[in-house]
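1. return atomic coordinates for the entry below.
(chains A and B)
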Amino acid sequence: GQQLNQSPQSMFIQEGEDVSMNCTSSSIFNTWLWYKQDPGEGPVLLIALYKAGELTSNGRLTAQFGITRKDSFLNISASIPSDVGIYFCAGSADYYKLSFGAGTTVTVRA
Amino acid sequence: NAGVTQTPKFQVLKTGQSMTLQCAQDMNHEYMSWYRQDPGMGLRLIHYSVGAGITDQGEVPNGYNVSRSTTEDFPLRLLSAAPSQTSVYFCASTVADSYEQYFGPGTRLTVT
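-> Numbering: from 1, shown residues only, chains lettered A, B, ... in the order given. Here you go, the predicted model:
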């Protein structure tokens, strides 16, 4: 399968901080998706990106589809405690085949 | 709508046993997929189906069988469980010509 490199692997957030994470691929994708997974739950779709250069927001979340079609980033602004979880990027060249990154684990800084 | 449902939530098997993980969706989605999630790794595609009667292999299909006799159901069968199949299994579905897959809550499987 396709290899996606997602970074950072983990991060600590303080309430009110802006945080960002990114994903790169050796292959071109037609779509980039960002999911969030809470403990014991399935991934939930946050944002879908369909065009190179596209910048899309969903509340405090903003994601961009890289111009080369090989990367994407996700920003969370003014983080709150419920932002903790695992964030996954996923890329797709076919409708029914998603390739996932290994995830970024977001936890609250004590 | 219940969305995508999976049963059981947890399962423990002994090596060599067989079992079926159930997945159902009530959204009339054409596409359904099975993924496994292992620690430190993203989800990996096991099998997928683009409609009733049509299935195909994903990235890690060995040791698993699927069938799709109805639009709603997409069961995953483990023929002879191995410890390497200890994982969390997720079923997902989407409408035709869409990239936006929606996931069930998962089945946590342990093979001893």
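2. ok, the closest residue to chain B within chain A - how many residues close by?
-> Relative to chain B, the nearest point of chain A is A:Phe100 (3.0 Å; Cβ to the nearest Cβ). Placement of C-beta: from N, CA and C, glycine included. Using other Cβ atoms under 10 Å in any protein chain shown, A:Phe100 is surrounded by 24 other residues.
3. what sits opposite it in the beta ladder?
-> As for beta bridges, A:Phe100 partners with A:Ala90 under DSSP bridges.
4. where's it relative to A:Gly40, distance?
-> Separation of A:Phe100 from A:Gly40 (Cβ to Cβ, to the nearest Å): 18 Å.
5. B:Ala92 now?
-> Relative to A:Gly40, B:Ala92 is positioned 17 Å away (Cβ to Cβ).
6. got it, and A:Gln64?
-> Distance of A:Gln64 to A:Gly40, computed by Cβ to Cβ: 30 Å.
7. which of those two has more neighbours?
-> Neighbours were counted for A:Gln64 and for A:Gly40 using other Cβ under 10 Å; A:Gln64 has more, 19 against 10.
8. spell out which parts of chain B neighbour chain A.
-> With the criterion set to Cβ under 8 Å from any Cβ of the partner chain, chain B comes near chain A through B:4, B:31, B:33, B:35, B:40-45, B:48, B:50, B:58-59, B:90, B:92, B:94, B:96-106.
9. buried members of those residues into ChimeraX, please.
-> The ChimeraX selection below is limited to those of these classed as buried (16 or more other Cβ atoms under 10 Å in any protein chain shown):
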select /B:4,31,33,35,42,43,44,45,48,50,58,90,92,94,98,99,101,102,103,104,105,106
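10. in helices, which of the residues of chain B next to chain A appear?
-> Counting by DSSP state H, none of the members of these fall within helices.
11. now the strands for chain B?
-> Secondary structure of chain B (DSSP state E): strands at B:4-7, B:10-13, B:19-25, B:31-37, B:43-51, B:54-57, B:64-66, B:76-78, B:87-94, B:102-103, B:107-111.
12. do you know which of those lies nearest A:Met21?
-> The closest of the strands of chain B to A:Met21 is strand B:43-51. By Cβ to Cβ, the value is 16.8 Å.
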